[in-house]
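1. Based on what follows, work out the 3D shape:
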Amino acid sequence: MTTDRRFDRSLVHDATEEVVGRRREIELVVAALGASRHVLLEGPPGTGKSTLLRAVAALSDLELVFVEGNAELTPARLAGHFDPAQVMAQGYSPDIFVPGPLVQALRAGGLLYVEEINRIPEETLNLLVTVMSERELTVPRLGRIVAHDNFRIVAAMNPFDAVGTARIAGAIYDRVNRVSVGYQSEDDELAIVHREAPGCDDRVAKRAVACVRGSREHVDIRIGSSVRGAIDLVMLAAELADLRNDTGIEPTTIDEGTGLDAACAALSGRIRLHESCGRTPEDVVGELWAATRTSDDDGDGASGKA
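-> Alright, predicted model coming up:
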């Protein structure tokens, strides 16, 4: 049963207006936060995890306190510390404590957003486990900090990124509600491209989306591109076409070569190939781009072919 009436149907409706194709995930997150539960958003990059949470936080009028998960995130950086210079001059005093994001969120009743939680050292994760369990934190020489009623932790992680990450302890999973966030549908991704690149060529946008979606299933690619790659592709293609139109009179068109150049620049750094494939990213992107070509793209240049 929902305990916080700010997390209601109107919030779900408003959030779905801002986040394309994520109604189910929004409902789950809103329900969990309304029940005063913590959340783990798990999915590949570029699937709108941060966008979803930022929309929910803004619409519910809650502060969003951001934490970037990495190996350098120590308990002191997360919770806070006493200013060493002030300690030397005044001794330990609450006035000279510099609150970290965790203490800030505990006091203000905000959402602590921990990005890439699987990159955080174990000792720092243990601090989060304590706060999740007890809803309070004891800082040496400062005292006990009780969580505001509105305090929640929302963590995010990319399950496909194994570099610099560790397995999340069962103690974390036992204290969160896990929401799986996969890629949106083709129509939703196309809508995102048009929203982020208004006025873009629809034919190029469709090819760009087909290209990034194909990268997620290609036999030589270990990790494919998110929709961000499609957004960059269409924006770069439009700029390239404008630069390469040296007459200044004829309507700008996006020809095959320009589309391919834009695809290579936008996607070659986003995909991760299998080490054994023996190919370059540009070679694979070229194959993906060629595969998206249709008979409609074989018209004359005035049609703005991709």
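2. Helices of this structure, start to end?
-> Assigned by DSSP state H, the chain shows helices spanning 9-18, 23-34, 49-59, 75-79, 84-90, 101-108, 122-134, 170-173, 186-196, 202-215, 227-244, 256-267, 281-291.
3. and of those helices, who's closest to V179?
-> helix 23-34 (4.8 Å; C-beta to C-beta). Yep, even glycine has a C-beta here, placed from its N, CA and C like the rest.
4. other SSEs contacting the closest one?
-> Judged by 3 or more C-beta pairs under 8 Å, 6 or more residues apart in numbering; DSSP states H and E, helix 23-34 is in contact with helix 9-18, strand 39-42, helix 49-59, strand 152-157, strand 177-180.
5. Any stretches of this protein with poor pLDDT?
-> 1-5, 87, 160-167, 246-253, 295-306 (pLDDT under 70).
6. hang on, the earlier thing: for E72, find the nearest of the helices and strands packed on helix 23-34.
-> Nearest of these (C-beta to C-beta): strand 152-157, 17.3 Å.
7. Quick check: neighbours of that closest one in the sheet, parallel or antiparallel?
-> As defined by DSSP bridges, the strand partners of strand 152-157 come to strand 39-42 (parallel), strand 111-115 (parallel).
8. Pull the CA coordinates from it and hand them back as PDB.
-> C-alpha atoms of strand 152-157 as PDB (Å, rounded to 0.1, in the frame of the first residue of the first chain):
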ATOM      1  CA  ARG A 152      15.400   6.800  -0.500                       C
ATOM      2  CA  ILE A 153      18.400   5.200  -2.200                       C
ATOM      3  CA  VAL A 154      18.100   4.500  -6.000                       C
ATOM      4  CA  ALA A 155      21.100   2.700  -7.500                       C
ATOM      5  CA  ALA A 156      21.900   1.900 -11.100                       C
ATOM      6  CA  MET A 157      24.200  -0.500 -12.800                       C
END
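9. Next, the angle helix 101-108 makes with that strand.
-> 150 degrees (axes from the mean of the first three to the mean of the last three C-alpha atoms, to 10 degrees).
10. quick one: contacts for the closest residue to V146 other than its chain neighbours?
-> Spatial nearest neighbour of V146, chain neighbours left out: E136 (4.7 Å); criterion: C-beta to C-beta, 6 or more residues apart in numbering. For E136, the contact set (C-beta atoms under 8 Å, 6 or more residues apart in numbering) comprises L106, R144, I145, V146, A147.
11. Make CSV from those and add neighbour count to it.
-> Shown next, in CSV, are the contacts of E136 (neighbours: other C-beta atoms under 10 Å):
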residue, neighbour count
L106, 23
R144, 9
I145, 18
V146, 12
A147, 21
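12. Filter these down to the ones in strands?
-> R144, I145, V146 (DSSP state E).
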